[in-house]
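Chemist: model the following, please.
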Amino acid sequence: MPVRDFMDEFLCETDLTDMPSSVNAFEDVPADPPLEKDIYEPLVTAEESVTRRPSRCPGFVFKNTSTRGENNELGSMKPDVCCYDEKTAHLAIASNNKPCAHLGYAELFIEVKRTVAHDFFNDPLDDADRSKHQFMLDISNKKDCDHAAEALGQNVAYAAEACARQHRTFYLSMSLAGTSLRFIRWDRAGAIVSESFDIRTQPELLCEFLWRFAHTSATGRGYDPTVEFAEEGDEDRFLEAISARVKIETGFEGKELEDAIDEHYKPGVVTAINVVDGSGEHSELLLVSRPVVSPLSVAGRATRGYWAVTASNDIVFLKDTWRYLAIPTEGANIEDMEQAGVVNIPQILIHGDVPAELPEKAHVDVSMPVNQHTRTKEFIDCDWVCQGGRKISLSDHAHYRLVSKTVGYPLKRFVDAKELLRTTFHAYQALTSAYVHNRRLHRDISIGNIILVRERAGVDRRGVLIDWEFSNIMNNNGEARGYERTGTWNFLSARLLQKPGLAHLIQDDMESILWVVLYCGFLWLPVRALGDSTLNGTVYALFEHSDYNAEKNVFIGGHAKLLNTLARTHTGEFLFECPPFQEFCETMMDYHHPLDNNKVELAGKWEHPRHFEEVWDTFLRTNEDNFVGISAKKSDNKVANAPRPVAGHYYSATRPSIQDSNNRLLNAGAAPPAPPLRVSKRKADEALETDAAVKRSRTIGGSGGVRDGQVQKRTMARPQGALGVAGPSAGAARDAVRNESTAGESSNGQGSNGGVGGPRRSARLRSMQSARESSLTKKVRRH
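Modeler: Reported below is the predicted structural model:
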């Protein structure tokens, strides 16, 4: 995008009369320094212009943060230069009392590279055919290309972190290669990149950007105006309500209870969020703190999930997401099912798109004319767009919030085999009830989409099937009307993994329940091998393995699932030590596909969902007292790279509880560090053999940002972004598959709570963020 067009489109117009002169403003920034660090201080000095009044960016300060992250742990990101509001800069201080990179507070960041040869974007010549011009990573020198790919990954990772840590509608950043600078605007649909310019020969452009940025409102700089500071006393009220509900749900005391509360509460960080319904006639003001699920990438639905406290101190679940405009809202789907009498689904309190602005008292006057939405796609037909010889495919997203009265813990928190089978049975009832009463297919049965809910102290938890956003009404043939392959890779049926073009059927959802039960059993119930097979190998083969079909541009899998269906090739090598659980698994597999000795008796029974529901119900009642002893208790089978259920979260949106009279932020604590990445070298090598683009992605993204066990959902086919890297992404397949989805994200609210409790994308997701950045680079747009 032309530089002035970029500023006119995304920054406010303001009087430039008092702007300091731009003459020789950046002359001290070296043009071709021997070391990258030689650029940092001259750049910061020139941007701050502390000797001038007013400064070049009044109200903001720039800090050299290249060596100091938020902490020194793995995952602490360090953009070279960070811009802070003067009122919050004191909060971005390292333990040595020096400025640090804190993406929870950074208004924008600047990533610096020593030479223009490491610019990952390539402007076309004036007479170039932009429809064919390759804008990204079109670098012939392999060494320079590798450096540029690494730089691109760093920019993507930093933007993803900033957008996850702050309540944002979009985010601005800069990329400086030598003295060649670009502006970038990130939103949930992708990114728009400006043309490059030389800050030494055209300093007026950067000076004007800084001046206009400083005079643009917080909303104009990308902050969500519906998020407010909590009022005095709100934090105490939040903690009291959350503590009481956590105790009811868990039954914990002492240190266990404290750890469980910490999953939802971060001291000093309680925020008020306004939720307005679709009609604009009703609203709720909710208090939230630590999310139980956070986004892993910039582009996509970017779902956050919170346990929230209402004005009446009730605990609800807030799902904050950027929905696809092309499909009905999840709240509308659930309301439709509620009216039809579908059981074991969330109970909706309020839902609606997020308004672009709120009146001074939004929770009283909620008449909003415009909603928050992404803008990247607006520019897809502009004459400056470089298409790289491909058709550009982007999605429109609207910011959307859904508040559910149903609050619980993810399925992976089950305590024993009995609870696992009881709560997955409730989820099975939900999918069959939706099938019968609402002609609806869920299409994403997974461990992350079943939650455990305790209605009151002393009663058993029940299972609730959540995340109905991509559910689909059936046609007259019992097929989903949407033919795109949708779901979570680990639990998709064998037929959908092998043949992506097939229509989704109720039997596919039923099979997914089977894989969920087996997955939980393999990871967390006592099991012993009967032969030479290893648990690691079996889990990988059944739930993770995929192959890329270059001709059709899709990932395929399911071979191990098919073999197991036909001959119990994998499950036959293991024995669960809990006899009723072993019996149930054998029974369910036989109903799904009977072996030779059961073919006559069970033939065709799987075609009738309600029949197996009766079988399951009878089994639970018959074996009510048989789930006893250590063999039924939850264990930890230490499958390689399988995330453990942990108390505490590594991803917190950073926002303080209150604001004092001097407009200073109070009580903002640092987010805990990301855990060490556990990488299986063999699986990582397999994942990275796909093509050169994937191999390049190993260097992308800095040292952190991947959260242990987070769920991601990705499109199965390679995204056709404006500037996509040729070839598949190692992460484009596996997590799950969403039509038009172009980047991985946590998609399913509270059930994820750390995501799949197994080796979900164990190599690809955890090995240096290759999945995230490789997929995201396909979405960067510009020119």
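Chemist: does residue 146 count as helix, strand or coil?
Modeler: Classification of residue 146 by DSSP: H, G, I helix; E, B strand; the rest coil places it in helix.
Chemist: got it, and the one 4 residues further on?
Modeler: Using three-state DSSP as the criterion, the local structure at residue 150 reads helix.
Chemist: what's around it, how many residues?
Modeler: 21 (other Cβ atoms under 10 Å). In this view, the C-beta of every residue, glycine as well, is placed from N, C-alpha and C.
Chemist: with the one 10 residues further on instead?
Modeler: The burial count assigned to residue 160 is 28, neighbours taken as other Cβ under 10 Å.
Chemist: surely it is in contact with residue 300?
Modeler: No - counting by Cβ atoms under 8 Å, residue 160 stays clear of residue 300, with 10.0 Å between them.
Chemist: and the helix or strand containing residue 423, what's buried?
Modeler: Element membership for residue 423, per DSSP states H and E: helix 417-438. Going by neighbour count (16 or more other Cβ atoms under 10 Å), the buried part of helix 417-438 is 417-436, 438.
Chemist: next: stretch 259-268.
Modeler: 260, 261, 262, 263, 264, 265, 266, 268.
Chemist: let me have those in JSON lines, extended by distance to residue 569.
Modeler: Output for the buried residues of stretch 259-268, formatted as JSON lines (distance: Cβ to Cβ, whole Å):
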{"residue": "260", "distance to residue 569": "40"}
{"residue": "261", "distance to residue 569": "45"}
{"residue": "262", "distance to residue 569": "43"}
{"residue": "263", "distance to residue 569": "39"}
{"residue": "264", "distance to residue 569": "42"}
{"residue": "265", "distance to residue 569": "46"}
{"residue": "266", "distance to residue 569": "47"}
{"residue": "268", "distance to residue 569": "53"}
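Chemist: from these, which land in helices?
Modeler: Among the buried residues of stretch 259-268, DSSP state H puts 260, 261, 262 in helices.
Chemist: between these, which is nearest residue 634?
Modeler: Closest approach to residue 634 among these (Cβ to Cβ): residue 260, at 16.1 Å.
Chemist: pLDDT value on that closest one, please?
Modeler: On the pLDDT scale, residue 260 is placed at 95.
Chemist: got it, and residue 134?
Modeler: 91.
Chemist: how close does it sit to residue 452?
Modeler: Distance, residue 134 to residue 452, using Cβ to Cβ, to the nearest Å: 49 Å.
Chemist: who's more crowded, these two?
Modeler: Per other Cβ under 10 Å, whichever of residue 134 and residue 452 has more neighbours is residue 452, with 24 against 18.
Chemist: am I right that the more buried one is in a strand?
Modeler: Yes - under three-state DSSP, residue 452 sits within a strand.
Chemist: spatially nearest residue to it, not counting backbone neighbours?
Modeler: Nearest residue to residue 452, sequence neighbours excluded (Cβ to Cβ, 6 or more residues apart in numbering): residue 461, at 4.3 Å.
Chemist: quick check: that neighbour touching residue 454?
Modeler: Yes - with contacts counted by Cβ under 8 Å, residue 461 reaches residue 454, the gap being 4.7 Å.
Chemist: give me the common contacts of these two.
Modeler: Common neighbours of residue 461 and residue 454, counting by Cβ atoms under 8 Å, 6 or more residues apart in numbering, are 249, 408.
Chemist: what's the average pLDDT for stretch 545-561?
Modeler: pLDDT averaged over stretch 545-561 gives 91.
Chemist: pLDDT weak spots in this protein?
Modeler: Residues of the chain meeting the criterion pLDDT under 70: 49-53, 72-75, 359-369, 483, 640-749, 751-783.
Chemist: hmm, try it at 50
Modeler: 361-369, 642-653, 660-747, 753-783 (pLDDT under 50).
Chemist: sheet partners, orientation included, of the longest strand seen in it?
Modeler: Ranked by residue count, the top strand of the chain under DSSP state E comes out as strand 315-324. Its sheet considered, strand 315-324 pairs with strand 304-309 (antiparallel), strand 397-404 (antiparallel) by DSSP bridges.
Chemist: buried set for it?
Modeler: So, applying 16+ other Cβ under 10 Å, buried residues of strand 315-324: 315, 316, 317, 318, 319, 320, 321, 322, 323, 324.
Chemist: does the fourth one really touch residue 272, like I thought?
Modeler: Translated: residue 318. No - here residue 318 does not reach residue 272: they are 11.5 Å apart, not a contact under Cβ under 8 Å.
Chemist: joint contacts of these two?
Modeler: What both residue 318 and residue 272 touch, as defined by Cβ under 8 Å, 6+ apart, is the set residue 286.
Chemist: picking up where we left off before, closest one of the buried residues of stretch 259-268 to residue 540?
Modeler: Closest to residue 540, out of all of those and judged by Cβ to Cβ, is residue 263, at 28.8 Å.
Chemist: spatially nearest residue to residue 324 (excluding sequence neighbours)?
Modeler: Closest to residue 324 by Cβ to Cβ, 6+ apart is residue 395, at 5.7 Å.
Chemist: might one say that the one you found is in contact with residue 323?
Modeler: No - Residue 395 is beyond contact range of residue 323, at 10.0 Å (criterion: Cβ under 8 Å).
Chemist: if we can go back for a sec, would you mind giving the buried residues of strand 315-324 as CSV with distance to residue 129 added?
Modeler: Listed next are the buried residues of strand 315-324 as CSV, based on distance: Cβ to Cβ, whole Å:
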residue, distance to residue 129
315, 58
316, 54
317, 51
318, 48
319, 44
320, 42
321, 38
322, 33
323, 36
324, 32
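Chemist: of the residues you listed, closest to residue 413?
Modeler: Using Cβ to Cβ, the buried residues of strand 315-324 come closest to residue 413 at residue 317, 15.2 Å.
Chemist: now do the contacts for that closest one.
Modeler: So residue 317 contacts 305, 306, 307, 308, 346, 403, 404, 405, 406, 407, 749, 750 (Cβ under 8 Å, 6+ apart).
Chemist: pull out the buried members of the residues you listed.
Modeler: Buried residues within the contacts of residue 317, counting neighbours by 16+ other Cβ under 10 Å: 305, 306, 307, 308, 346, 403, 404, 406, 407, 749, 750.
Chemist: would you mind writing the CA trace of stretch 252-264 as CSV?
Modeler: Taking Å, rounded to 0.1, in the frame of the first residue of the first chain, the C-alpha atoms of stretch 252-264 are listed here in CSV:
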residue,chain,number,x,y,z
PHE,A,252,-10.6,-28.6,46.5
GLU,A,253,-9.2,-27.1,49.7
GLY,A,254,-6.0,-25.4,50.6
LYS,A,255,-3.2,-25.2,48.1
GLU,A,256,-5.2,-27.2,45.5
LEU,A,257,-8.0,-24.6,45.7
GLU,A,258,-5.5,-21.7,45.4
ASP,A,259,-4.0,-23.2,42.2
ALA,A,260,-7.4,-23.8,40.8
ILE,A,261,-8.4,-20.2,41.5
ASP,A,262,-5.2,-19.0,39.8
GLU,A,263,-6.4,-20.5,36.5
HIS,A,264,-9.1,-17.8,36.4
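Chemist: mind giving me the packing neighbours of the helix or strand hosting residue 210?
Modeler: Following DSSP H and E, one finds residue 210 within helix 203-215. Where contact means 3 or more Cβ pairs under 8 Å, 6 or more residues apart in numbering; DSSP states H and E, helix 203-215 is packed against helix 3-10, strand 180-187.
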